[in-house]
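In: build me a structure from this.
(2 chains)
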Amino acid sequence: MKLASFLSIVLMTGFLLVAVMRLHPVGQATGDPDVFSDRGNVIIDVQNVATMDDYFLRNGQMETGSNNIVTSVVFDYRAFDTLGEAAVLFIVVTSITMLLYGLIKPGETPDDVIIAADGFPLKISRIVTIGALLLFPVIAAFGAYIIIHGHLSPGGGFQGGAILGTGTALLLASSYMTKKLYKTYKTFAFFESFGLTLFIGLGFAGVGGSFLYNFLANGDPLLFGRVIEMGPNGGFLNSGGILPLLSLAVGIEVFSGISIILIMLNKALYLNKSQKSEG
Amino acid sequence: MADFFLYITVVFLIFMSVSAICYKTNLIKIVIALNIAASAVNLFFITLAYRSDSTAPIFTLAPALKDLKMVLPSPQALILTNIVIGFATSALMLTVAVLTYRNNGTLDIRKLKGVEDNE
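Out: Got it, this is the predicted structure:
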């Protein structure tokens, strides 16, 4: 039986090897590598591009006003897919809460996070606690930067939200704020719903064109509508249309969702430790 | 052969991951194996999208337009989706592992016999 399963795994690997050997070599992706060479200025064109990605590269900056083409694909061309992705995260957070909520009594405090008289936790070294408290503002600022500059530099709502979520993980690990974090759970739940609702509301706001239509791009410079020239530039924060707003909505949702997951799993960890003797 | 080295790495990672899923008995290790498979798929996409001597698809402070080459953007957008979905599913699987350990006292899949209804 074990031999048969091993043989089938080896067979599958062999098929995969044969398949990847028929792909193009690494470094020679499909499409025209010199997609910008034939012109200096902007034209929206479909005829002169070979693949979808060449179309994104040539016209993405012009159509969405975003310097970062990956963000313009995620939040403009494939924004409906991103809505599904945010909904998946929301559903996962809901189901994790549902699975673990019945096990945890609301007012219960785990033994491990007892706070001493001077305000510091008993069982964790003060170096760890103070280090975490010093690091947390830096992490929060960096995550906010990544979210806000999602249309200009590498980043966006998902990445920045995940960075902010690591800040929550740090606070949980230092166990200084753990009791307070257990109480702010409902705030996180509110902001998670708020982020997803903001995303869907922005989608409906552009419904004159289509759902999630980028109605702010190339319009009023006060409303993220600055028209940018095709080609390299220094980056303007007020460009991109609804991309920064969608990025902000997703950032709020991901940060709150990851925080809820971490708080719930942290509670379940302590629960297992203290209730093992019963069962 | 050197042109296909990254593809072979992807196949090797998937081989290791499937082997671990088949032969490991600890639930946590199975979750880790699924994460390795997700990382292998991410590496595969990034390898497909790679163009040699090119920059990331970002125009901020990029080289001048006439000698500008960029990697393909849409596989990176797909990877962004995959990372978040992978995170969410692994969090859900770990939650189920926590519940399994609580109800059965073990994470060994050979010893799991379901949960007795004691209410």
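
In: please pull out the lowest mean pLDDT helix or strand from chain B.
Out: Within chain B, no helix or strand scores below helix B:74-104, which has a mean of 90 by mean pLDDT, DSSP states H and E.

In: what are the buried residues along that helix?
Out: Neighbour counts over helix B:74-104 (16 or more other Cβ atoms under 10 Å in any protein chain shown) mark B:74-95, B:97-102, B:104 as buried. Placement of C-beta: from N, CA and C, glycine included.

In: against which helices or strands is that helix packed?
Out: helix A:52-64, helix A:69-72, helix A:79-101, helix A:157-174, helix A:243-275, helix B:27-48 (3 or more Cβ pairs under 8 Å, 6 or more residues apart in numbering or on different chains; DSSP states H and E).

In: 7 Å - rerun?
Out: Helices and strands touching helix B:74-104, by 3 or more Cβ pairs under 7 Å, 6 or more residues apart in numbering or on different chains; DSSP states H and E, are helix A:52-64, helix A:79-101, helix A:243-275, helix B:27-48.

In: now the last one, how far from the chain's geometric center?
Out: For helix B:27-48, the distance from its own C-alpha centre to the chain's C-alpha centre is 3 Å (Cα atoms, centre = their mean, to the nearest Å).

In: the first one too?
Out: Centroid separation between helix A:52-64 and its chain, computed with Cα atoms, centre = their mean, is 23 Å.

In: now swap in stretch A:247-257 and tell me
Out: The answer for stretch A:247-257 is 7 Å, by Cα atoms, centre = their mean.

In: is chain B contacted by the helix or strand hosting residue A:4?
Out: In this structure, residue A:4 sits in helix A:2-21 according to DSSP states H and E. Yes - against chain B, helix A:2-21 shows contacts by Cβ under 7 Å from any Cβ of the partner chain at A:5, A:9, A:12-13, A:16-17, A:20-21.

In: stretch A:225-232 too?
Out: Yes - using Cβ under 7 Å from any Cβ, stretch A:225-232 comes into contact with chain B via A:231-232.

In: my guess is residue A:163 contacts residue A:142, does it?
Out: Yes - the pair residue A:163 / residue A:142 is scored as a contact, 6.0 Å apart, by Cβ atoms under 7 Å.

In: what's the distance between the residue nearest the centre of chain B and chain A?
Out: Nearest to the mean C-alpha position of chain B, by Cα atoms, centre = their mean, lies residue B:38 at 1.8 Å. According to Cβ to the nearest Cβ, to the nearest Å, residue B:38 stands 14 Å off from chain A.

In: contact partners for that residue?
Out: Each residue near residue B:38 by Cβ atoms under 7 Å, 6 or more residues apart in numbering or on different chains is listed here: B:82, B:86.

In: and the residues of helix A:2-21 next to chain B, which are buried?
Out: A:9, A:13, A:16, A:20.

In: mind listing what residue 96 touches?
Out: Looking at chain A here, since you left the chain open. A:261, A:264, B:91-92, B:95.

In: leaving out chain neighbours, which residue sits closest to it?
Out: In space, residue A:96 comes closest to residue B:95 once its chain neighbours are excluded; the distance is 4.9 Å by Cβ to Cβ, 6 or more residues apart in numbering or on different chains.

In: pretty sure that neighbour contacts residue A:98?
Out: No - with contact defined as Cβ under 7 Å, residue B:95 does not count as touching residue A:98 (9.8 Å).

In: so what does the closest residue to residue A:217 other than its chain neighbours have for phi and psi?
Out: Distance criterion Cβ to Cβ, 6+ apart; nearest residue to residue A:217, sequence neighbours excluded, is residue A:241 at 3.0 Å. Per-residue torsions, residue A:241: phi 60, psi -130 (degrees, to the nearest 10).

In: for residue A:241, give me its contacts.
Out: Here residue A:241 is in contact with A:64-65, A:214, A:216-217, A:224-225 (criterion: Cβ under 7 Å, 6+ apart).

In: try residue A:199
Out: Contacts of residue A:199 (Cβ under 7 Å, 6+ apart): A:83, A:86, A:246, A:249-250.

In: returning to what we had before: quick one: the residue nearest to residue A:96 from residue A:134, how far?
Out: Residue B:95 sits 31 Å away from residue A:134, going by Cβ to Cβ, to the nearest Å.

In: where does chain B dip in pLDDT?
Out: For chain B, the stretches with pLDDT under 70 are B:1, B:114-119.

In: kindly apply the preceding question to chain A instead.
Out: A:37-48, A:104-119, A:271-279.

In: the more surrounded of residue A:163 and residue A:142?
Out: residue A:163 (22 against 16; other Cβ atoms under 10 Å in any protein chain shown).

In: pull the number of nearby residues for residue A:137.
Out: 10.

In: export the strand or helix carrying it to CSV, keeping only CA atoms.
Out: Residue A:137 is part of helix A:126-148, with elements assigned from DSSP H and E. Provided in CSV are the C-alpha atoms of helix A:126-148 (Å, rounded to 0.1, in the frame of the first residue of the first chain):
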residue,chain,number,x,y,z
ARG,A,126,10.4,43.3,31.0
ILE,A,127,13.0,43.6,28.2
VAL,A,128,10.5,41.8,25.9
THR,A,129,7.5,43.9,27.0
ILE,A,130,9.2,47.2,26.7
GLY,A,131,10.9,46.2,23.4
ALA,A,132,7.5,45.3,22.0
LEU,A,133,6.0,48.6,23.1
LEU,A,134,8.8,50.5,21.5
LEU,A,135,8.6,48.5,18.3
PHE,A,136,4.8,48.7,17.9
PRO,A,137,4.5,52.4,16.8
VAL,A,138,7.2,51.8,14.2
ILE,A,139,5.4,48.8,12.8
ALA,A,140,2.1,50.7,12.8
ALA,A,141,3.7,53.7,10.9
PHE,A,142,5.3,51.3,8.4
GLY,A,143,2.0,49.5,7.8
ALA,A,144,0.1,52.7,7.3
TYR,A,145,2.8,53.9,4.9
ILE,A,146,2.5,50.7,2.9
ILE,A,147,-1.3,51.0,2.7
ILE,A,148,-1.4,54.7,1.7
